[in-house]
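Student: need the 3D shape of this:
(chains A, B and C)
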Amino acid sequence: MDVTEIIDPLNEMQRQAVTAPNQPMLVLAGAGSGKTRVLVHRIAWQIQVEGLSPQSILAVTFTNKAAAEMRLRIESLLDISARAMWIGTFHGLAHRLLRRHSKEAGLPETFQVIDSDDQYRLIKRLLKSLNIDDGKWPPRQIQWFINGQKDEGIRAASVVETGDLFQRQMLLVYRAYEEICQRSGLVDFAELLLKAHELLRDNPDLLNFYQKRFKQVHVDEFQDTNTIQYAWLRLLTQNQQNLFVVGDDDQSIYGWRGAKIENLFSFQSHYPDHQVIRLEQNYRSTGNILKAANSLIDNNQGRMGKELWTASGDGEPISLYAAFNEQDEAYFVIERIRKWVNEGGLRSDVAILYRSNAQSRQFEEKLMSTGMPYRVYGGLRFFERAEIKNALAYLRLISNRLDDAAFERVINMPTRGIGAKTMDDIRLKAQHTNKSLWQAALDLLSESAFTARASNALQGFVKLINDLAESSQDLELYEKVKSVIEKTGLIETYKKEKGEKGEARVENLEELVNAARSFDYDQDNDENLGELEMFLSYAALEAGEMQGNDSDDCVQLMTLHSAKGLEFPLVFLVGLEDGLFPSQQSVDDPGRLEEERRLCYVGMTRAMSDLYLTYAESRRLYGRETIARPSRFLREIPAETMQEVRVRAQVSRPVTAGASISGQIQQNNTFKLGQHVGHAKFGEGVVLQVEGEGAQERVQINFRDAGIKWLMLAYAKLEVL
DNA sequence: CTCTACGAATTTTTT
DNA sequence: ATTCGTAGAG
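Tutor: Below you'll find the predicted structure:
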């Protein structure tokens, strides 16, 4: 292969990064500057030119999606299989290490990965068994504490005690939690990273082996690494100084979950011989958008310094729309999307970005009633659905009877007459004898400690699990899954469940069988573990996307956080109000405010050619009408890049769904949004909405004294003030 | 065990 | 407003 293929598509700075000699490298890659391209080409360069073998390449990302994309692009560039390379998420690679060296890591060979929901339930149950009031000590907070400590690399045993009551309580649970996980063979996400770090730290031979094996270590989105992830990277690269990281301090938006933007600075002192390369040429957005984004982010302190520029022109100005309320905001956005589509634009090229999920609703309703296809990113993923997790819990229990989390989950699902009392007895026994719930249940059964009824029910359950384990022993994976959802009565229960919900659940369970059928076992077969166990790990580590409506041409709705890394020709950044964005909880803390600003920066730089910023003067939030001021971020954007859209003068909206589908209806011109009116009985008020036409026309009015009312225009005698 | 009612909370999310 | 979880009744 010709080296020009690797080099030619790169600009000068990218080329410098790709072809740099082996030394620590920090590539500060602005939004849209070709960061993934640099990583991919760098790896290709090392294989093609430096002669590294694929197995000496390690590349770490944060999401499975990013890892998959990188792998794909390397394969298509080099036209070789990237299978031998270690490309994956921090968690995925940590998992692989722990599977290979479970003994050295002090884990049972069959350990299983639990997701945050499992973790939450486990903690909740733990509190109950420790007799801790979960009202006073919210499980969420404890989960937060435990994960926070683990992210910092701190074990319960090594927490520095302050004598603080709060801390003492947290620590108590942390210790108990560690114990129960160890006993049940369960590993949570943070534990994967922590254990992987300890594994290398405490086993010099292993560390040495991997240090030698990985000639180059690449990290994507380095600004998002937390303490333990960076520590792990340092262990691997401290001898060979072969760490190549790509990141952007201006796009660090995960500080709230432990990401340490400081790692970017630490890198420079930990690797004194490093080289820094800045990628500032942007290939995505127009000049106006970049100018605006640059000015905004310039308000942050202590940046590493970077200014995006583009070789293409200024483009259209950014549009700013001041909506009357959140309804008006949604209507405005959807009108503009319709216009875009009418002019031949693709819906899938349009994104509506918001700060919090609750904001999607307004847009969904209006999109739905307009009949415009859309897709909301972010809800429950496939493997996180309750029915799926129930089925998986059965499989887990079959694989490992010590799995207390799975036991608790399915002991009475579907209901089989094992109630709270029986469970309490089992928990108590387990706690006293320091055994698993399963063993405790067996012990209690042999002691005939239950009423006949409870005893029967419990025996039935024990037999069910044992029989399932035995009968499915030699079955194909998908047959195992099938047999589980049928013989446990799970699918039967959901079939009886009324309505669409039950139907959807049955479908999901059937889909689970399909997922098992198409599970690619060979790929991960190097980890001497059963197929079922690998499938379960896969389910936990890769929760799977939502239903794949990818083929349809849909408007994309998502939070700003989930938009990172994506780009769209037309972007609506909505809800730009103080208190909403930046969120109320951040406005008083300069650090958090800066993170919000970076979030805004990320949002703006998603736009390729057209960017709309909108805010509502009044918004219904948590059931209350609130008056908001435009976001402070708007004032940080230069006026010459922006153009205010005024539609209220000509168009009276919102319009109802039916009306807007039928198209160009004539609206009355008397009662526009925001119009002050008087009513004989209700007094003075302001028009909020107008809908319907002719005799059906109604207006919604916010009366100063009487509150918000809908009035039929034909009957209500309204007076224009 | 299931159903109803009431109260509390309510940024962001991946693994 | 809405959702979610728990407590108490049936």
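
Student: got the contact list for A:Ile398?
Tutor: The neighbours of A:Ile398, taking C-beta atoms under 8 Å, 6 or more residues apart in numbering as the test, are A:465, A:468-469, A:472, A:480, A:484, A:532. Yep, even glycine has a C-beta here, placed from its N, CA and C like the rest.

Student: got the phi and psi for A:Ile418?
Tutor: Backbone torsions for A:Ile418, taken as degrees, to the nearest 10, come to phi -110, psi 100.

Student: okay, domains of chain A per the record?
Tutor: Following automatic domain parsing, chain A resolves into domains at A:3-102+A:193-281, A:112-184, A:296-379+A:550-652, A:382-546, A:676-720.

Student: gap between the two ends of the first one?
Tutor: The separation between the terminal residues of domain A:3-102+A:193-281, taken as C-alpha to C-alpha, to the nearest Å, is 23 Å.

Student: now swap in stretch A:239-257 and tell me
Tutor: From start residue to end residue, stretch A:239-257 stretches across 30 Å - C-alpha to C-alpha.

Student: who in chain A is up against DNA strand B?
Tutor: A:62-65, A:89, A:91-92, A:115-116, A:189-190, A:256-257, A:355-358, A:378, A:412, A:415, A:417-420, A:541-543, A:558-559, A:561-562, A:583, A:585-586, A:592, A:622 (C-beta under 7 Å from any atom of the strand).

Student: now intersect those residues with the strands, please.
Tutor: A:89, A:558-559 (DSSP state E).

Student: mind listing the helices for the stretch 201-350 of chain A?
Tutor: Secondary structure of the stretch 201-350 of chain A by DSSP state H, counting those that start in this stretch: the helices cover A:204-213, A:227-237, A:262-270, A:287-297, A:326-342.

Student: next: the stretch 501-650 of chain A.
Tutor: Along the stretch 501-650 of chain A, the segments classed as helices by DSSP H, counting those that start in this stretch run A:531-541, A:560-563, A:590-604, A:632-635.

Student: A:Leu10 is nearest to which of those?
Tutor: Ranking the helices of the stretch 501-650 of chain A by distance to A:Leu10, with C-beta to C-beta as the measure, places helix A:590-604 first at 24.3 Å.

Student: now the closest one: mean pLDDT?
Tutor: Looking at helix A:590-604 alone, the average pLDDT works out to 95.

Student: buried residues in it?
Tutor: Within helix A:590-604, the residues that qualify as buried by neighbour count (16 or more other C-beta atoms under 10 Å) are A:592-604.

Student: A:Leu52: which of these is nearest?
Tutor: For the buried residues of helix A:590-604, the minimum distance to A:Leu52 (C-beta to C-beta) is 33.4 Å, reached by A:Val602.

Student: that closest one: what's it in contact with?
Tutor: Counting by C-beta under 8 Å, 6+ apart, A:Val602 makes contact with A:31, A:251, A:253, A:560, A:563-564.

Student: between all of the residues you listed, which two are separated the most?
Tutor: In those, the most distant members under the criterion C-beta to C-beta are A:Ala31 and A:Leu560, with 12.7 Å between them.

Student: tell me the pLDDT of A:Phe671.
Tutor: pLDDT, A:Phe671: 65.

Student: and for the one 3 residues further on?
Tutor: pLDDT recorded at A:Gly674 is 64.

Student: if we can go back for a sec, tabulate the domains of chain A (CSV), appending distance to DNA strand C.
Tutor: As requested, these are arranged in CSV below (distance: least, C-beta to the nearest atom of the strand, whole Å):
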stretch, distance to DNA strand C
domain A:3-102+A:193-281, 20
domain A:112-184, 6
domain A:296-379+A:550-652, 3
domain A:382-546, 10
domain A:676-720, 10
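
Student: any chance of the helices of the stretch 501-650 of chain A in JSON lines, plus distance to A:Gln46?
Tutor: Supplementary listing: the helices of the stretch 501-650 of chain A in JSON lines, determined by distance: least, C-beta to C-beta, whole Å:
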{"stretch": "helix A:531-541", "distance to A:Gln46": "27"}
{"stretch": "helix A:560-563", "distance to A:Gln46": "31"}
{"stretch": "helix A:590-604", "distance to A:Gln46": "30"}
{"stretch": "helix A:632-635", "distance to A:Gln46": "41"}
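
Student: now for those, which one comes closest to A:Asn288?
Tutor: In terms of C-beta to C-beta, the element of these nearest to A:Asn288 is helix A:590-604, at 10.4 Å.

Student: convert the C-alpha atoms of the closest one to PDB, please.
Tutor: Once side chains and other backbone atoms are set aside, the C-alpha atoms of helix A:590-604 remain, and they are given as PDB (Å, rounded to 0.1, in the frame of the first residue of the first chain):
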ATOM      1  CA  PRO A 590     -18.000  29.400  38.600                       C
ATOM      2  CA  GLY A 591     -16.600  26.000  37.800                       C
ATOM      3  CA  ARG A 592     -19.900  24.500  37.000                       C
ATOM      4  CA  LEU A 593     -20.900  27.600  35.000                       C
ATOM      5  CA  GLU A 594     -17.900  27.100  32.900                       C
ATOM      6  CA  GLU A 595     -18.900  23.600  32.200                       C
ATOM      7  CA  GLU A 596     -22.300  24.800  31.100                       C
ATOM      8  CA  ARG A 597     -20.600  27.200  28.800                       C
ATOM      9  CA  ARG A 598     -18.600  24.500  27.300                       C
ATOM     10  CA  LEU A 599     -21.800  22.600  26.800                       C
ATOM     11  CA  CYS A 600     -23.200  25.500  24.900                       C
ATOM     12  CA  TYR A 601     -20.000  25.600  22.900                       C
ATOM     13  CA  VAL A 602     -20.400  21.900  22.100                       C
ATOM     14  CA  GLY A 603     -24.000  22.500  21.000                       C
ATOM     15  CA  MET A 604     -23.200  25.500  18.700                       C
END
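
Student: and the residue of the stretch 601-721 of chain A closest to DNA strand B?
Tutor: A:Tyr622 (4.4 Å; C-beta to the nearest atom of the strand).

Student: burial measure for that residue, as a count.
Tutor: For A:Tyr622, the neighbour count with other C-beta atoms under 10 Å is 6.

Student: ok, which of the helices of the stretch 501-650 of chain A comes nearest A:Arg183?
Tutor: Of all those, the one in closest proximity to A:Arg183, counting by C-beta to C-beta, is helix A:531-541 (18.0 Å).

Student: give me the helices and strands touching that closest one, please.
Tutor: Identification of packing neighbours for helix A:531-541 by 3 or more C-beta pairs under 8 Å, 6 or more residues apart in numbering; DSSP states H and E yields helix A:90-100, strand A:112-113, helix A:386-399, helix A:477-487.

Student: what is the nearest of the contacts of A:Val602 to A:Arg303?
Tutor: Taking C-beta to C-beta as the measure, A:Arg303 sits nearest to A:Gln251 out of the contacts of A:Val602, at 11.3 Å.

Student: just to revisit the earlier point, who's more crowded, A:Ala31 and A:Leu560?
Tutor: Neighbour count, other C-beta under 10 Å: between A:Ala31 and A:Leu560, A:Ala31 has more, with 25 against 22.

Student: can you pull the contacts of that one?
Tutor: Under the criterion of C-beta under 8 Å, 6+ apart, the contact list for A:Ala31 reads A:248, A:250-251, A:282, A:284-285, A:293, A:308, A:601-602, A:605.
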